[in-house]
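In: After the sequence you'll find the predicted model.
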Amino acid sequence: MVVQHNGKIKARSKDFITTIEDIPIKVTYKNVKNLNLRVYPPNGEVSLSVPMSFSHERIHTFLIQKIGWIRQKRAEIQRQAQVPESTSQIPTEIELLGKRVILQQGNQAKLTDFNQGEGEAIRLTFPEQTSPDVIVNFLDKIALDTMKQKVPVLIAKWEKKIGVQVAEWRIRRMKSRWGSCNPKARRIWLNAELAKKPLECLEYVVVHEMLHLLEQRHNNTFYGLMDHFLPDWKQRKTLLGSR
């Protein structure tokens, strides 16, 4: 059921949209203890997860109090979307899942093996006239290939620590999640964008989804497991959201 009207909610629903000062906000009732307000790129979509016990009036009051923060976040996302990608400058160095990638131009294209040991840099040499789009697409492929190498190692590591077995894992583009888990099939999905994040962020998401094989819901039991197996998970989550 969808409700849109001047910020007032008329009928309770587990999934509805309300409008606060011309900003549509998707509200979802979940089995959670706290409210969770998010603003998603690239369009500044706003969502709010709330405990099942919350009344619509309480939700409305909360959103009114947070409208300044929501506008600020939406403005930041819009500014980022308006910044055009450079067509003349390519970074000289980037990092992909803990690997340093040094970019340089030369007479011939060359890619050094990126299966080196930890701490060793990947060196990429592109011909002088290589299009920036070609370079960006190639870097995306390397990022994804690197992620495909890292994930099995992380899963094997944490299967032993947690005591669970992952039957299957896959990578795909996700709009609003970093990962998901199907406990019945013992399958986890990982957002392809994690390839461009620090390695500790990928590990955080892998552990998060694997722990759903023990506890499906985001409740005290689940977060207790997170604290036990990955004590610095909150810092990793913050890092993931800030980069």
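Out: Right, received. Where do you want to start?

In: Provide a list of residue ranges in this structure with pLDDT below threshold.
Out: Applying pLDDT under 70 to the chain flags residues 1-14, 81-91, 97-99, 107-121, 242-243.

In: what comes up buried for the lengthiest helix in the chain?
Out: Longest helix in the chain by number of residues (criterion: DSSP state H): helix 132-162. If you call a residue buried by 16 or more other Cβ atoms under 10 Å, then helix 132-162 has these buried ones: 135, 139, 142-144, 146-147, 150-151, 154-155, 158, 162. Any C-beta I mention is one placed from the backbone N, CA and C, and that applies to glycine too.

In: Please enumerate the helices of the chain.
Out: Assigned by DSSP H, the chain shows helices spanning 56-82, 132-162, 199-211, 220-229, 233-242.

In: With distance to residue 22 as extra columns, can I get those helices in TSV?
Out: As requested, those are exported to TSV (distance: least, Cβ to Cβ, whole Å):
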stretch	distance to residue 22
helix 56-82	10
helix 132-162	35
helix 199-211	34
helix 220-229	36
helix 233-242	26
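
In: Among the ones you listed, which comes closest to residue 179?
Out: helix 199-211 (4.5 Å; Cβ to Cβ).

In: Distance from that closest one to the middle of the chain?
Out: In terms of Cα atoms, centre = their mean, to the nearest Å, the centre of helix 199-211 is found 11 Å from the chain centre.

In: Likewise for stretch 125-137?
Out: For stretch 125-137, the distance to the chain centre is 27 Å (Cα atoms, centre = their mean).

In: how much space between the residue nearest the centre of the chain and residue 157?
Out: In the chain, the centroid-proximal residue (Cα atoms, centre = their mean) is residue 178; its distance is 3.6 Å. Noted for residue 178: a distance of 19 Å to residue 157, by Cβ to Cβ, to the nearest Å.

In: what does residue 166 give?
Out: Taking Cβ to Cβ, one finds residue 166 at 11 Å from residue 157.

In: now swap in residue 192 and tell me
Out: In terms of Cβ to Cβ, residue 192 sits 21 Å off from residue 157.

In: and of the helices of the chain, who's closest to residue 33?
Out: Here helix 220-229 is closest among those (Cβ to Cβ), at 7.8 Å.

In: how about that closest one: buried residues?
Out: Of the residues in helix 220-229, those buried (16+ other Cβ under 10 Å) are 222, 225-226, 229.

In: Domain parsing of the chain, as residue ranges.
Out: 15-82, 93-242 (automatic domain parsing).

In: Report the distance from the shortest one to the chain centre.
Out: Right, the one you point to is domain 15-82. Distance, centroid of domain 15-82 to centroid of chain: 18 Å (Cα atoms, centre = their mean).

In: Next: stretch 176-193.
Out: 11 Å.

In: mind saving the C-alpha coords of that stretch as CSV?
Out: The C-alpha trace of stretch 176-193 is given here as CSV (Å, rounded to 0.1, in the frame of the first residue of the first chain):
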residue,chain,number,x,y,z
SER,A,176,20.7,-0.7,-2.1
ARG,A,177,22.5,-3.6,-0.4
TRP,A,178,26.1,-4.7,0.0
GLY,A,179,25.1,-8.3,0.3
SER,A,180,22.3,-10.8,0.9
CYS,A,181,22.0,-14.4,2.1
ASN,A,182,19.6,-17.3,1.4
PRO,A,183,20.0,-19.4,4.5
LYS,A,184,17.9,-22.3,3.1
ALA,A,185,20.1,-22.6,0.0
ARG,A,186,23.2,-21.5,1.9
ARG,A,187,23.9,-19.0,-0.8
ILE,A,188,25.3,-15.5,-0.4
TRP,A,189,25.3,-12.6,-2.9
LEU,A,190,27.9,-9.8,-2.9
ASN,A,191,27.6,-6.4,-4.5
ALA,A,192,30.0,-6.0,-7.3
GLU,A,193,30.8,-2.5,-6.1
